[in-house]
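1. What follows is a predicted structure for the sequence shown.
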Amino acid sequence: MDPHLLRTFVTVVHWRSFSAAAEELGYTQSAVSQQVAALEADLGLALLHRRPVRPTPAGERLLEHAGPLLLRHRAARADVLRAAAGPVERLTVAASPLACTPAIARGLALSGSALTLRTVGRESVAEQVATGMADLGLVDGIAAPSDPLRLPDVGAPVRVGVAEEELVVVLPDGHPLARRRWLALADLADALWLQARAAVPVERLRELAGAGGFRVGFGYDGEDVHTVVNLAAAGHGLALLPASVTAGVPLTEPRVVHRVEVLHGAASGQAAALAAQLRQPPSSTPPGTPAAGS
């Protein structure tokens with residue numbers, strides 16, 4: 001399948017219009033129609049209904065594969081170009097909102113590299129590295145100790161685990177559980193939670209606890225972690241955050257950690273060197289271990 005034809009098909013479906021797709025792609029409308037027809041001829045199947053423009057059942061199935069296929073094509077191109085380009089003067093780092101922990105920020109400062117840091121969504125870090133939009137990625141998430149993060153399939157970037165730390169539940173001062181030594185997530189299923197990009201998402205809380213509940217008390221459509229902490233302290237909802245961000249009650253069940261991984265292309269020696277410098281030694285106390293006497 002020609003990736004150029006596939007891209008045209010996806011653009012037509014996105015806009016539900018041949019003329020709008022032609023405007024975005026810089027083609028004539030007749031060229032777009034010809035490319036879609038060529039793709040249909042290649043597969044021997046109708047992919048689009050024309051009036052109104054919408055995918056056929058075969059087109060819907062193709063759309064399920066189109067995103068990953070086009071992304072892998074872009075990633076392969078970026079990898080070849082990266083290998084041929086050689087060293088760069090300034091590395092671009094794409095980081096998810098909670099990936100640049102204090103220790104990693106210090107590591108970046110001590111690396112001696114010229115850097116530009118860009119905050120993006122967790123789901124976008126791997127894609128930006130794979131497609132050459134970033135030289136290095138810092139992505140965070142929740143995992144069992146020493147387990148890799150679950151990332152989208154964007155090829156095979158090099159992954160290096162650089163940090164793990166315990167998670168804490170942030171509660172208002174007057175909350176009845178605020179003086180506990182540790183907490184189990186399942187015991188908090190009936191509480192109201194903050195839904196924010198700079199905190200563990202509510203959907204992930206349900207998955208970790210293996211239970212329903214975890215109602216959203218307040219939605220924050222931003223990435224400033226201090227705002228999340230202030231909202232939790234004011235009673236708008238609980239939040240689960242890395243211990244390096246703020247004080248809170250340690251989460252000990254389930255036994256999970258906040259993990260940060262560095263992603264980079266196999267051909268990038270500069271990024272590989274920086275990833276090695278950022279790797280932190282493991283803690284002598286496993287994250288999530290209750291304090292003695294708790």
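-> Cool, the structure landed.

2. which stretches of the stretch 1-150 of the chain have low pLDDT?
-> The model of the stretch 1-150 of the chain has pLDDT under 70 over residues 75-76, 78-88.

3. Let me see the ranges of the strands in it.
-> For the stretch 1-150 of the chain, applying DSSP state E, counting those that start in this stretch gives strands covering 48-49, 54-55, 91-95, 115-119, 136-143.

4. Helices of the stretch 101-250 of the chain, start to end?
-> 102-110, 122-130, 202-209, 225-233 (DSSP state H, counting those that start in this stretch).

5. Contacts for the shortest one next, please.
-> Put plainly, it is helix 202-209. 142, 185-186, 189, 193, 195, 212-216, 240, 254, 256 (C-beta atoms under 8 Å, 6 or more residues apart in numbering). (Glycine included, C-beta is placed from N, CA and C.)

6. Please pick the buried ones from the residues you listed.
-> Buried members of the contacts of helix 202-209, counted by 16 or more other C-beta atoms under 10 Å: 142, 185, 189, 193, 195, 214, 240, 256.

7. In strands, which of those appear?
-> 142, 193, 195, 240 (DSSP state E).

8. Residue 263 sits in which helix or strand?
-> For residue 263, the host element (DSSP states H and E) is strand 257-264.

9. In stretch 162-178, which residues are buried?
-> Applying 16+ other C-beta under 10 Å to stretch 162-178 flags 162-171, 175 as buried.

10. circling back to that earlier point, okay, the strands of the stretch 1-150 of the chain in CSV with distance to residue 68 next?
-> What follows is those, written out as CSV (distance: least, C-beta to C-beta, whole Å):
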stretch, distance to residue 68
strand 48-49, 20
strand 54-55, 17
strand 91-95, 19
strand 115-119, 23
strand 136-143, 18
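
11. Just say which of the ones you listed is most tucked in.
-> Most buried of the strands of the stretch 1-150 of the chain by mean neighbour count (mean count of other C-beta atoms under 10 Å) is strand 136-143; its value is a mean of 24.

12. neighbouring strands for it, and are they parallel or not?
-> In the sheet, strand 136-143 lines up against strand 91-95 (parallel), strand 257-264 (antiparallel) (DSSP bridges).

13. Work out the gap between that strand and the centre of the chain.
-> 7 Å (C-alpha atoms, centre = their mean, to the nearest Å).

14. quick one on the thing from earlier: among the ones in strands among the buried ones among the contacts of helix 202-209, pick out the one closest to residue 68, please.
-> For these, the closest approach to residue 68 (C-beta to C-beta) belongs to residue 142, at 23.9 Å.

15. Pretty sure that closest one sits against residue 165.
-> No: contact criterion C-beta atoms under 8 Å: residue 142 and residue 165 do not qualify, at 11.3 Å.

16. so who does the residue nearest to the spatial centre of the chain touch?
-> Central residue of the chain (C-alpha atoms, centre = their mean): residue 122, 1.7 Å from the mean position. Residues in contact with residue 122 (C-beta under 8 Å, 6+ apart) are 96-97, 139-141, 197.

17. Make JSON lines out of these and add distance to residue 25.
-> Shown next, in JSON lines, are the contacts of residue 122 (distance: C-beta to C-beta, whole Å):
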{"residue": "96", "distance to residue 25": "31"}
{"residue": "97", "distance to residue 25": "33"}
{"residue": "139", "distance to residue 25": "31"}
{"residue": "140", "distance to residue 25": "35"}
{"residue": "141", "distance to residue 25": "35"}
{"residue": "197", "distance to residue 25": "31"}
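
18. just those residues now: which is nearest residue 276?
-> Closest to residue 276, out of all of the contacts of residue 122 and judged by C-beta to C-beta, is residue 139, at 17.1 Å.

19. who does the closest one bridge with?
-> residue 261.
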